[in-house]
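Q: compute the structure for the input listed below.
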Amino acid sequence: MGKEEQLLEGWRELTPEKQQKVLEFVEALKFESDATAINTEYIPQTPLAKKLWEIRIRAIASGIQLLNEAEIEQELAERRGGYRES
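A: Here you go, the predicted structure:
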């Protein structure tokens, strides 16, 4: 039995919730090689950092465009009521 058949056989035995986790894991794996190539030096050390890093990887894998520093500052100012466009 090939790997694809093994994967499909195991997939069919999973609950829908676990199938969703597998899909998220696959997306993270697809992105991991790109992210690792860019950020080979960063390794999260704490449980919170690991969780946030996983969220970041999933967000990027889903196509979300991350904000740069200036965009973050602008969004914070807008949310706090301090941003006014001239």
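Q: when you work out contacts or count neighbours from here on, use the C-alpha atoms and nothing else.
A: Noted.
Q: would you mind measuring from residue 46 to residue 52?
A: Distance of residue 46 to residue 52, computed by C-alpha to C-alpha, to the nearest Å: 10 Å.
Q: what about these two, which has more around it?
A: residue 52 (13 against 9; other C-alpha atoms under 10 Å).
Q: roughly how far out does the helix or strand that one falls within sit from the chain middle?
A: Assessed by DSSP states H and E, residue 52 sits inside helix 47-61. Taking the mean of its C-alpha atoms, helix 47-61 sits 5 Å from the chain's own mean (C-alpha atoms, centre = their mean, to the nearest Å).
Q: what is the neighbour count of residue 64?
A: Neighbour count for residue 64, taken as other C-alpha under 10 Å: 10.
Q: over to residue 18?
A: Counted by other C-alpha under 10 Å, the residues lying close to residue 18 total 12.
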